[in-house]
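Chemist: model this:
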Amino acid sequence: MKPTDLVVTRWGARFMGRRFACSIGKGGFSAQKKEGDGATPTQVMRMVGGAYRADRGTAPHVPFPLTQIGPSDIWSDDPSDPNYNQPLSDPSYVFSHESLRRGDPLYDLVIYTDHNYPDATPGAGSAIFVHQWRKPRHPTEGCIAFSRADLRWILNRWQHESRIIIRSW
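Modeler: Down below sits the predicted model:
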């Protein structure tokens, strides 16, 4: 492990010498992530892209692409969808999906990880993001979530070689 790795455990996260409270999936951790299990996958991941609400803040400087979230932006979470675990822009999409433009602030800044992305295996879990939490320690659907201030602190220091290391212990 390097100081630039974000290490996440059930007790919180460590990054660049600091400790952070965070939220994980309501299903705990899983080494065998499945769609809909609510678990955070135990693995090493990278942040590979993301999106933000320009009407709710500016984008941090990160070493991966960030795009603005539009009103029709979604993320497919349906294993039967040929576009499973991919970002799309289609307000009338027929497959199950998640809207990236939300009324709450969870996805004001949403970071995509390389868990089962971009080459997705249907059913192996979708939309494993890093984003703002609903409230302290409130569980997610499998994502990793931080306070808004902590998320921005981490992202402003993220480096190209940084990794997310999820540990169940």
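Chemist: Return the set of residues that bridge with the residue positioned nearest the centre of the chain.
Modeler: For the chain, the residue nearest the mean C-alpha position is Phe129 (1.0 Å; C-alpha atoms, centre = their mean). Beta-bridge partners recorded for Phe129 (DSSP bridges): Tyr112.
Chemist: isn't it right next to Val110, touching?
Modeler: Yes: the criterion here is C-beta atoms under 8 Å, and Phe129 meets it with Val110 at 5.1 Å. The way it works is simple: take the backbone N, C-alpha and C, and place the C-beta from them, glycine included.
Chemist: Next, give phi and psi for the residue nearest to Ile164 when sequence neighbours are not counted.
Modeler: Distances taken as C-beta to C-beta, 6 or more residues apart in numbering place Met45 nearest to Ile164, at 4.4 Å, with adjacent residues excluded. Dihedral pair for Met45: phi -130, psi 170, per degrees, to the nearest 10.
Chemist: which residues does Met45 contact?
Modeler: Met45 sits next to 113-115, 128, 163-164, 166 when contact means C-beta atoms under 8 Å, 6 or more residues apart in numbering.
Chemist: would you list those in CSV and tack on neighbour count, pLDDT and secondary structure?
Modeler: Listed next are those as CSV, based on neighbours: other C-beta atoms under 10 Å; pLDDT from 0 to 100; DSSP: H, G, I helix; E, B strand; the rest coil:
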residue, neighbour count, pLDDT, secondary structure
Thr113, 22, 98, strand
Asp114, 17, 98, coil
His115, 25, 98, coil
Ile128, 26, 98, coil
Arg163, 16, 98, coil
Ile164, 23, 98, strand
Ile166, 23, 98, strand
